[in-house]
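Chemist: Pasting the sequence and the predicted coordinates here, then a few questions.
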Amino acid sequence: MPKPVPNNFPRRIAALAAAAALVMIATTVYFAPSRSRQPLIGGPFALQEADGKTLTDKDLLGHPFLVYFGYTHCPDVCPTTLAQISDVLGKLPGKPVKALFITVDPERDTPKLMGDYVSSFDPRVIGLTGSAQEIAKDEREYRVYAQKAAEANGDYAMDHSSVVYLMDRNGRFVGAFNVDRSAADAAKDLQAYL
């Protein structure tokens, strides 16, 4: 003779079904693409160019662009990365793609200094600076690490992350753009977003 089913059995089944439904809904909401979600990297900005004019994210709409954070007193990583970016842009002559070099050292990097510095690279590399608050906001939006590091001589360097960001024609983050490969291969990848 079979054992009798406990009185709370239907409630247990209902509770398990409700829990399973909640897990499915939560999973769908979390993993489903949403047009209303803010991008994890990037965002609106308004920074100064060498001539004092303001460049905003809206000015770049319609064409992909690269973004790199660094500073003019950087001894090696920043100039090397900007040279690599320039090599990639050199493989795309006449193409409407720009590269933004945004300072992490607004205390020293004036608009004029940024302009003088980027003049050594492809003309499509644009040096940008702003107030400490504006730069801090943009660093947060791009998930950039930047920290002042005191040196023995009383000067300072800037420890910072070194990522080249590829943004699409709508200003949305595509991914980290690898410049540690041949300029031709990198340019071919960038060409796909033009």
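Modeler: Okay, I see it.
Chemist: In the protein, what residue spans correspond to strands?
Modeler: 46-48, 54-56, 65-70, 98-103, 125-128, 146-150, 156-160, 164-167, 173-176 (DSSP state E).
Chemist: wait, which of those strands is closest to Ile135?
Modeler: Between Ile135 and the strands of the chain, the shortest separation by CB to CB is 6.6 Å, and it involves strand 98-103. (Glycine included, C-beta is placed from N, CA and C.)
Chemist: could you say what helices and strands the closest one packs with?
Modeler: Contacts defined by 3 or more CB pairs under 8 Å, 6 or more residues apart in numbering; DSSP states H and E place strand 98-103 against strand 65-70, helix 77-90, helix 111-118, strand 125-128, helix 132-141.
Chemist: Pull the last one out as CSV, backbone CA atoms only.
Modeler: This file holds the C-alpha atoms of helix 132-141, laid out as CSV (Å, rounded to 0.1, in the frame of the first residue of the first chain):
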residue,chain,number,x,y,z
ALA,A,132,40.7,68.0,-12.7
GLN,A,133,37.0,67.3,-12.2
GLU,A,134,36.3,66.8,-15.9
ILE,A,135,39.3,64.4,-16.3
ALA,A,136,38.3,62.5,-13.2
LYS,A,137,34.7,62.0,-14.6
ASP,A,138,36.1,60.8,-17.9
GLU,A,139,38.5,58.4,-16.2
ARG,A,140,35.6,56.9,-14.3
GLU,A,141,33.5,56.6,-17.4
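Chemist: For that helix, list every residue counted as buried.
Modeler: Glu134, Ile135, Lys137, Asp138, Glu139, Glu141 (16 or more other CB atoms under 10 Å).
Chemist: for the second one, same thing?
Modeler: Going by neighbour count (16+ other CB under 10 Å), the buried part of helix 77-90 is Cys78, Thr81, Leu82, Gln84, Ile85, Ser86, Asp87, Val88, Leu89.
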